[in-house]
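Undergrad: here is my input, please return the structure:
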Amino acid sequence: MLASQATNKLVSPWRRRGRAWVAITAALGAMLVFASSALAGPVALDAPGNGNPPLTAYDPGTATAYVAWSAQPANTGIDVCVLPPGAAACDGGSPVLLTDPEFTGDNVPVLTGLRVMPNGEVVVLGEAGDTGTVTWASAPGGGGFFAAGNGLQNSGHTISALNSFYEPDDVVPVSNTDLATLDIEHNGFGVAAYNVSGSSSGTSADASANFDSPDCCTEDAPQIAAQADPDGSGRQIVVTAGDNDTNYVPPGCPNSIATGFGVRVASTANLNSATVPTYQLLACSAESPVLTGGGTSGIGAVDQEGSSIDGTGSGIEIDFHAFNPTTDTFGGSIPISDESAETLAFVGDIDAADDSGNGVYALWGDDRGEVLDYSADGGQSWGPPVVTPAADDDDDNMAPVGGGSTLIAWDANAGSGTQVFLQEVNYQSLLPGPPQPAATSVSSTQSWSSGGWHMSGASIAIPTGAVGETDQAILSGANVGSAGGGVTYTLYSSSTCSASSQVFSSGPDPVTNGTAAPSGAVGELPQGTYYWQISYTGDSLNSSGTGACGPGGEVLTVEPLLETLQQASTNGSTLALPVHCTTPPCTFTVSITIKVNVEVTIASKHRRRKAITLTLAKGRFTLTKAGTHTVTIKLTPRASAYVKAHHTLHPTLTIADSVDGHGEQTSRTITLKYVKPKPRRR
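TA: Prediction:
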């Protein structure tokens, strides 16, 4: 799937007033990687004097790169350079000039968009004399641009009255044949469906001008992204973002400087009449939002935020926000780069894009030059920014390849006239340290608390009936301070941690700046010994890792709260009972009984023997320290006489306790010996 791009480049001094969208049908995939070493250094794609700000796109299905720009001298057409896999120059030796015989002179089309569709077909969009959009299209690989007519669609007639002249590249695929484009020239917000071959028609009906209403974030730097609705309905979620250029102060913001977004969910056909609702707040003290999309991680937003933006201080950073397609909202700010020491007021020319996997790329200009950052986990964690070799920090355009590599196109004057340059850069290779993630070690500690109980450590024992025991992963390593990714906690009943012995699992639970979230709570476990094992996913700067399992790792023992010995003693008045407390405080009740036969008289004449239960002793106790203790219980008067007469008895001991509201009662036969007290010396 195409890595869609967004950029906030200002190409006209005209004030932006309204926005409209158009869904354009472009009548026009296996993953490869464009890893040409020939593009390791800047490559000039045209002759000196023919440069203009370029757009670039990459097709992972054919590993083909495309670069397009408005040709020089002015009013000649649009140049397109097709670079097959491994190429260091345009296919055919030079760019292909795209022209439209319907529009000549001052009306010659200028570049407004370049996109690879999900099926690999590529579309070039141009604005024709302020009358609308014309398109050229080719099958995957770009061969159509070399055929007769150069892939011109609809006989050169406009396929839409809308265009993105004032914000080039604000187009996004919504199917194999449809593009949604954001138009800021027309007041209001309108969507129409068009087929680039001219086989279908549509009407762009501008809707009410919500963009000029006093609500958040309705002007400047608009962006667009789309993804399929996860509900399986076949609808598209289309998102736009922009700066607030009104006097409206969003709730919670110190002033009107803020960014916002709008969401429209509709089928491709229904985008013809779609309108974006009033914008919602993205971030206070922020500007220049751009949207990413097209990869497996979905839509995201990159902007610059801080007190320097709203004039209240000097702080500024580049941040990422992940979009939730279930709630149609963005999450909080995830820091990418602190720019407070790298620029006086704000950064320039933010660009952001996804690759076809889970990679997200951010590109911007500051006092260091053109700066790149990369996230391997969908924007959840970012490594340190790196300075790229790109020579221009105003008009760079990016097309990610994958695995941290991206194509960057820009125009610059090397001394003999402006030219368009292209270079492939790899984020990891630009890091000051080793390109491979740093080694990460994984350890952990477990804990259990309930009422007066609290246990923690590598090895702990908890009483049967206990619930809520948790584990906490601890990461260490050279780059762990910025670590993201996730950890999975697994508990086994076998010291080999075999899959068949798994009794509990939690995760992946998130890791944020090196701190892992704890595991979920473990439920009640049978008596026995258990072993934890923790695994870490790793991220772009930290290797994955797995903690120890078995006796050398974390061991959890589940054992009875109380244990009693088989033997007790009595001196005829009190009973001494040894009790082992596993996890203090141990609160329990004790009852010691024995069945005895007694003679009863019936009708004053007859006698017979009857079995009754005689209570020897009972009581309630609390032990505050772990270990074996002797509790003393007073015998009942009848029991005292009985034990003195029999010396050795085998009564029933019943002991009851409670853990986490779970009561436990056990009974067992013990040996009770009468030990006659020694007489006192006179």
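Undergrad: contact partners of the host helix or strand of residue 289?
TA: Per DSSP states H and E, residue 289 falls inside strand 286-292. Applying CB atoms under 8 Å, 6 or more residues apart in numbering, the contact partners of strand 286-292 are 4-8, 220-221, 223-225, 239-243, 257-259, 261, 282-283, 299-306, 309, 319, 346-347, 350-354, 360, 379. For glycine as for every other residue, the C-beta is placed from the backbone atoms N, C-alpha and C.
Undergrad: who does that strand pair up with?
TA: strand 300-305 (antiparallel) (DSSP bridges).
Undergrad: the helices in the chain, which residues?
TA: 307-310, 427-430, 637-646 (DSSP state H).
Undergrad: can I get those helices in JSON lines with distance to residue 390, mean pLDDT and mean neighbour count?
TA: Output for the helices of the chain, formatted as JSON lines (distance: least, CB to CB, whole Å; pLDDT from 0 to 100; neighbours: other CB atoms under 10 Å):
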{"stretch": "helix 307-310", "distance to residue 390": "24", "mean pLDDT": "85", "mean neighbour count": "19"}
{"stretch": "helix 427-430", "distance to residue 390": "11", "mean pLDDT": "90", "mean neighbour count": "18"}
{"stretch": "helix 637-646", "distance to residue 390": "94", "mean pLDDT": "85", "mean neighbour count": "15"}
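Undergrad: since we're on residue 551, how many residues are nearby?
TA: Residues near residue 551, counting by other CB atoms under 10 Å, number 11.
Undergrad: tell me the contacts of it?
TA: 495, 531.
Undergrad: then the one 10 residues further on?
TA: Contacts for residue 561 were tallied using CB under 8 Å, 6+ apart; they are 463, 464, 465, 581, 582, 583, 586, 588, 657, 659, 664.
Undergrad: what mean pLDDT does the strand holding residue 289 get?
TA: Averaged over strand 286-292, pLDDT sits at 91.
Undergrad: C-alpha coordinates for that strand, CSV please?
TA: The C-alpha trace of strand 286-292 is given here as CSV (Å, rounded to 0.1, in the frame of the first residue of the first chain):
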residue,chain,number,x,y,z
ALA,A,286,1.0,24.3,18.1
GLU,A,287,1.1,24.9,14.4
SER,A,288,2.1,23.2,11.1
PRO,A,289,0.3,19.9,11.4
VAL,A,290,0.9,17.3,8.7
LEU,A,291,-0.7,13.9,8.4
THR,A,292,0.8,10.5,7.7
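Undergrad: returning to what we had before: farthest pair in the contacts of residue 561?
TA: Using CB to CB, the pair of the contacts of residue 561 lying farthest apart is 465 and 581, separated by 15.0 Å.
Undergrad: what is the burial count for the residue nearest to residue 597 when sequence neighbours are not counted?
TA: Nearest non-adjacent residue to residue 597, counting by CB to CB, 6 or more residues apart in numbering: residue 609, 4.7 Å away. As a burial measure, residue 609 scores 9 neighbours (other CB under 10 Å).
Undergrad: got the domain boundaries for this protein?
TA: 18-207, 216-387, 440-559, 562-674 (automatic domain parsing).
Undergrad: ok, which of those domains comes nearest residue 425?
TA: Nearest of the domains of the chain (CB to CB): domain 216-387, 6.7 Å.
Undergrad: and the closest one, how far out from the chain middle?
TA: 15 Å (CA atoms, centre = their mean, to the nearest Å).
Undergrad: just want the most central residue of this protein.
TA: residue 380 (4.6 Å; CA atoms, centre = their mean).
Undergrad: if I read this right, that one contacts residue 508, doesn't it?
TA: No. Checked against CB atoms under 8 Å, the pair residue 380 and residue 508 is beyond contact range at 11.1 Å.
Undergrad: tell me how far the residue nearest to residue 534 when sequence neighbours are not counted lies from residue 475.
TA: Residue nearest to residue 534 in three dimensions, not counting chain neighbours: residue 547, with 4.2 Å by CB to CB, 6+ apart. Distance of residue 547 to residue 475, computed by CB to CB, to the nearest Å: 10 Å.
Undergrad: the two: who's more crowded?
TA: Counted by other CB under 10 Å, residue 547 and residue 475 do not tie: residue 475 has more neighbours, with 25 against 22.
Undergrad: re the thing from before, nearest to residue 417, out of the domains of the chain?
TA: Of all the domains of the chain, domain 18-207 comes closest under CB to CB, at 3.3 Å.
Undergrad: pLDDT on that closest one, on average?
TA: 77.
Undergrad: give me the neighbour count for residue 144.
TA: Residue 144: 20 neighbours (other CB under 10 Å).
Undergrad: residue 464 too?
TA: Quick note: residue 464 (other CB under 10 Å) scores 18 neighbours.
Undergrad: list the contacts of it.
TA: If you count contacts by CB under 8 Å, 6+ apart, then residue 464 has 524, 526, 527, 558, 559, 560, 561, 659, 664 around it.
Undergrad: repeat that for residue 410.
TA: With CB under 8 Å, 6+ apart, residue 410 has these contacts: 53, 54, 370, 390, 391, 392, 395, 396, 397, 420, 421.
Undergrad: how close does the second one sit to residue 81?
TA: Right, residue 54. Taking CB to CB, one finds residue 54 at 9 Å from residue 81.
Undergrad: try the first one
TA: As for residue 53, its distance to residue 81 is 14 Å (criterion: CB to CB).
Undergrad: more crowded one of these two?
TA: Legend: neighbour count by other CB under 10 Å for residue 53 and residue 81, higher for residue 81 (27 against 21).
Undergrad: contacts only, for that one.
TA: 45, 46, 66, 67, 68, 90, 91, 95, 96, 420, 422.
Undergrad: ok, back up a step: top of the contacts of residue 561 by neighbour count?
TA: residue 463 (25 neighbours).
Undergrad: so residue 326 makes contact with residue 230?
TA: Yes. Judged on CB under 8 Å, residue 326 makes contact with residue 230 at a distance of 6.4 Å.
Undergrad: how about the contacts made by the nearest residue to residue 252 once chain neighbours are set aside?
TA: Nearest residue to residue 252, sequence neighbours excluded (CB to CB, 6+ apart): residue 284, at 6.3 Å. Neighbouring residues of residue 284 by CB under 8 Å, 6+ apart: 250, 252, 253, 254, 257, 258, 305, 310.
Undergrad: cutoff 10 Å now
TA: 216, 244, 249-259, 305, 309-310, 333 (CB atoms under 10 Å, 6 or more residues apart in numbering).
Undergrad: and if you look at residue 443?
TA: 458, 472, 473, 474, 475, 476, 534, 545, 547, 548, 553, 554 are the contacts of residue 443 under CB under 10 Å, 6+ apart.
Undergrad: let's see that with 6 Å instead.
TA: 474, 547 (CB atoms under 6 Å, 6 or more residues apart in numbering).
Undergrad: how close does it get to residue 517?
TA: 16 Å.
Undergrad: try residue 309
TA: 31 Å.
Undergrad: same question for residue 475.
TA: With CB to CB as the criterion, residue 475 and residue 517 are 12 Å apart.
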